[in-house]
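Trainee: coordinates only, no sequence provided:
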């Protein structure tokens, strides 16, 4: 039984090429790639990824030798090859087609761990038909090279099929769950029992499966950064390893009883050599691991090449919305016109429904489609740095300088400059920028241009405020205290200052990158007492230890991103050092440490030279001077970067956010580890909704054309510097302004008691602020208003 030789050639060679190309796409080109899917979907049978590569590479080599035999004269092709050809073609088709159906749930992998759709049936069919051939149709006593080679190809299919079946079943039916007692018993008994009735080569595959699962489970049990749990734990890993040892012993017994069960193919022109065969078998584990290593080196190089030039297969574009499992109800205005259909009744709605109805651009389809010429996270991020943004989103600000109780100075930029003509009840958006950035950054202006644009022209018709960090955007550095991803005191003061000046204005927060971490943490710290009606954060580094690991361990990220951000920080310190005070001028302007400490720290970190990384600066500078010191009621200094990173992570405050907060992150952000996004924390929260785009890079999200479209307005649409992110942010803020009841903020018990009292020497103090996170809140205006132009972009690498 079988097919004709011509048919066998057609179906075997075509499906081999089909499977090979698709596997390379899934491993190296697709976004997310299969390793990301594997890491994000752990199960109790998830193997170490390199073991899959250990199967893939030698399997392709064996298949190539087998396929070559089909091109011999018809009289020299064995019947076993013709008989196995349809099974082989079906197996290749199943393995090659499975990734396509996997894509259906890849884009939803944050909310649905695994979806048992058509994809799983391809895995099941491949495994069952492979096992059927090995145990019921293989050549039982092969004597020819072709028969032995056919058996070996079938066994390699069955071996990887068993691993695929167990892995997919565990993540599909028992996601992130340890194996039950019945599963453990079936594993310990089933593998050795199956090996007893198997040819030796199949038994070796089963041992290899056990070893791969054992190491994979051990790794899952010991993951600390970027881990989402899952797997059976260290005890389960040891049990699977023991099962592998027992299975290996059974295979050895079978080989000792009947050496013919080995079925090693030897070409007729070679003289069989038992010693050589034994040496080959002893070297198989090393050869498999070597082939796995070579396979992943190849796939990594291919992936890096394609990412660098922005080529590859079409990416998934669906946006994943991660929502609270038990969302809170938010009070709504009773209005006739609203951005959300559910908000005109004056009652309440859930945060989930509010975001879903208010932000049509966040629907899974059409999703975010990156510009064709910026088709990777690296390119999106790079264009944020090298793009010319001077002629778009031009803004002018009125600058206010306020002195803080510790002696520091914050520059508050307000747009439009002559905003006094705005309605008293008009909205105000307070921005927290990224690392060493400021009001001039292109991503800041991109949002604020819409905020300050009149309603008649499609804008929000409000005022935009940027809280420039100490020493950033021309703000003078007047104390040895700097800023960090976890210090919210300065942003809190700016919010209180703006609230005191525009008490009837509903306040909204927007944070970018490091500023997103500050805003999210601030809203969590304030809880029910937060003065903001709602907030939006983009590119937020929720897990600082995971981000640091990504920045410092990656070849490109450590040498480009980490190095550039470290140099930017040092540049800020050097630029401001000559202006820093040596002695206090007033009691409230007193620095908390001698200036010589800063000079010595700068000398120490600069000694790293070209090897300087962001972690070095955080170790020496940020961990020491990134916030209020302990003697002033703060927590600084820290012992080092690791202690600072653990403290600074904003994901720990998600549970206490009590105002609607929309978070938007790109999964391919090369600076923030996509696998470290706080999915579980968001689902356990009450007011936080996270939108994850498959692409967009770090504060990129460019979807514009390569050149300005004829007849388009380069200030608004149809220009290369156009960011898609403006759409969901504007939809969210407009709906929040239209629909959310401001009395829920201003009328709350914790916020209604807050008022400002003027003290001596121009100082103003917020009453009832003694118990705030950083103690009593106060400020003093130290300069008259000045005009600041925000048309010069400094690049996103200054905006982590």
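Mentor: Right, received. Where do you want to start? Since the model is a prediction, treat every value here as computed from it, not as a measurement.
Trainee: count the residues that sit near residue 73.
Mentor: Look at residue 73: counted by other Cβ atoms under 10 Å, it has 7 neighbours. Yep, even glycine has a C-beta here, placed from its N, CA and C like the rest.
Trainee: per-residue pLDDT of it, please?
Mentor: For residue 73, the pLDDT comes out at 89.
Trainee: what of residue 131?
Mentor: pLDDT, residue 131: 89.
Trainee: all helices for the stretch 501-650 of the chain, in order.
Mentor: Using DSSP state H, counting those that start in this stretch, the helices of the stretch 501-650 of the chain run over 514-526, 544-553, 555-556, 563-576, 595-606, 614-617, 623-625, 641-648.
Trainee: and those helices, which is most packed in?
Mentor: Across the helices of the stretch 501-650 of the chain, averaging neighbours per residue (mean count of other Cβ atoms under 10 Å) puts helix 514-526 on top, at a mean of 28.
Trainee: what's that helix packed up against?
Mentor: strand 428-432, helix 489-501, strand 507-512, strand 532-538, strand 661-666 (3 or more Cβ pairs under 8 Å, 6 or more residues apart in numbering; DSSP states H and E).
Trainee: helix or strand next in line after the last one, which one?
Mentor: I take that to be strand 661-666. The first helix or strand that comes after strand 661-666 along the chain, using DSSP states H and E, is helix 679-684.
Trainee: and residue 191, how far from residue 207?
Mentor: Spatial separation of residue 191 from residue 207 under the definition Cβ to Cβ, to the nearest Å is 8 Å.
Trainee: now for the two: what residues contact both?
Mentor: 244, 247 (Cβ atoms under 8 Å, 6 or more residues apart in numbering).
Trainee: quick one on the thing from earlier: got the helices of the stretch 501-650 of the chain as JSON lines, with distance to residue 380 and mean pLDDT columns?
Mentor: Below are the helices of the stretch 501-650 of the chain laid out as JSON lines (distance: least, Cβ to Cβ, whole Å; pLDDT from 0 to 100):
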{"stretch": "helix 514-526", "distance to residue 380": "17", "mean pLDDT": "97"}
{"stretch": "helix 544-553", "distance to residue 380": "16", "mean pLDDT": "89"}
{"stretch": "helix 555-556", "distance to residue 380": "14", "mean pLDDT": "78"}
{"stretch": "helix 563-576", "distance to residue 380": "16", "mean pLDDT": "85"}
{"stretch": "helix 595-606", "distance to residue 380": "30", "mean pLDDT": "64"}
{"stretch": "helix 614-617", "distance to residue 380": "20", "mean pLDDT": "91"}
{"stretch": "helix 623-625", "distance to residue 380": "31", "mean pLDDT": "87"}
{"stretch": "helix 641-648", "distance to residue 380": "25", "mean pLDDT": "95"}
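Trainee: could I get the ones you listed as JSON lines with distance to residue 360?
Mentor: Below are those laid out as JSON lines (distance: least, Cβ to Cβ, whole Å):
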{"stretch": "helix 514-526", "distance to residue 360": "23"}
{"stretch": "helix 544-553", "distance to residue 360": "31"}
{"stretch": "helix 555-556", "distance to residue 360": "35"}
{"stretch": "helix 563-576", "distance to residue 360": "35"}
{"stretch": "helix 595-606", "distance to residue 360": "47"}
{"stretch": "helix 614-617", "distance to residue 360": "37"}
{"stretch": "helix 623-625", "distance to residue 360": "43"}
{"stretch": "helix 641-648", "distance to residue 360": "34"}
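Trainee: and those helices: which comes nearest residue 8?
Mentor: Closest to residue 8 of the helices of the stretch 501-650 of the chain, according to Cβ to Cβ: helix 555-556, at 44.8 Å.
Trainee: after the worst-scoring helix or strand of the chain on mean pLDDT, next one along is what?
Mentor: One helix or strand of the chain scores below all others by mean pLDDT, DSSP states H and E: helix 274-309, with a mean of 46. The helix or strand immediately downstream of helix 274-309 is strand 320-322, counting by DSSP H and E.
Trainee: residue 542 versus the residue sitting nearest the centre point of the chain, what's the distance?
Mentor: Centroid check for the chain by Cα atoms, centre = their mean gives residue 674 as the closest residue, at 1.1 Å. Residue 674 sits 11 Å away from residue 542 when distances are taken as Cβ to Cβ.
Trainee: same check, this time on residue 363
Mentor: Per Cβ to Cβ, residue 363 is found 24 Å from residue 542.
Trainee: same check on residue 415?
Mentor: For residue 415 relative to residue 542 (Cβ to Cβ), the value is 29 Å.
Trainee: pLDDT score assigned to residue 750?
Mentor: Listed pLDDT for residue 750 reads 59.
Trainee: helix, strand, or coil at residue 398?
Mentor: Look at residue 398: counting by DSSP: H, G, I helix; E, B strand; the rest coil, its state is strand.
Trainee: quick one: the helices in the stretch 701-800 of the chain?
Mentor: Counting by DSSP H, counting those that start in this stretch, the helices of the stretch 701-800 of the chain are 726-739, 743-746, 749-752.
Trainee: so how many other residues sit close to the residue nearest to residue 542 when sequence neighbours are not counted?
Mentor: Among residues not flanking residue 542 along the chain, residue 651 sits closest, at 4.1 Å (Cβ to Cβ, 6 or more residues apart in numbering). Neighbourhood size, residue 651 [other Cβ under 10 Å]: 22.
Trainee: and residue 651, what pLDDT?
Mentor: 96.
Trainee: now it: how far from residue 560?
Mentor: From residue 651 to residue 560 the distance is 26 Å (Cβ to Cβ).
Trainee: to residue 662, which of the helices of the stretch 501-650 of the chain lies closest?
Mentor: When the helices of the stretch 501-650 of the chain are compared by Cβ to Cβ, helix 514-526 sits nearest residue 662, at 10.7 Å.
Trainee: please state the offset of that closest one from the chain centre?
Mentor: Between the mean C-alpha point of helix 514-526 and the mean C-alpha point of its chain there is a distance of 19 Å (Cα atoms, centre = their mean, to the nearest Å).
Trainee: am I right that residue 692 is in a strand?
Mentor: Yes. Under three-state DSSP, residue 692 falls within a strand.
Trainee: next, the contact list for it, please.
Mentor: Shown in contact with residue 692 (Cβ under 8 Å, 6+ apart): 110, 319, 320, 322, 664, 665, 666, 667, 674, 677.
Trainee: identify the residue nearest it in space, chain neighbours excluded?
Mentor: Among residues not flanking residue 692 along the chain, residue 320 sits closest, at 4.3 Å (Cβ to Cβ, 6+ apart).
Trainee: with residue 528 instead?
Mentor: Per Cβ to Cβ, 6+ apart, closest to residue 528 is residue 658, 4.9 Å.
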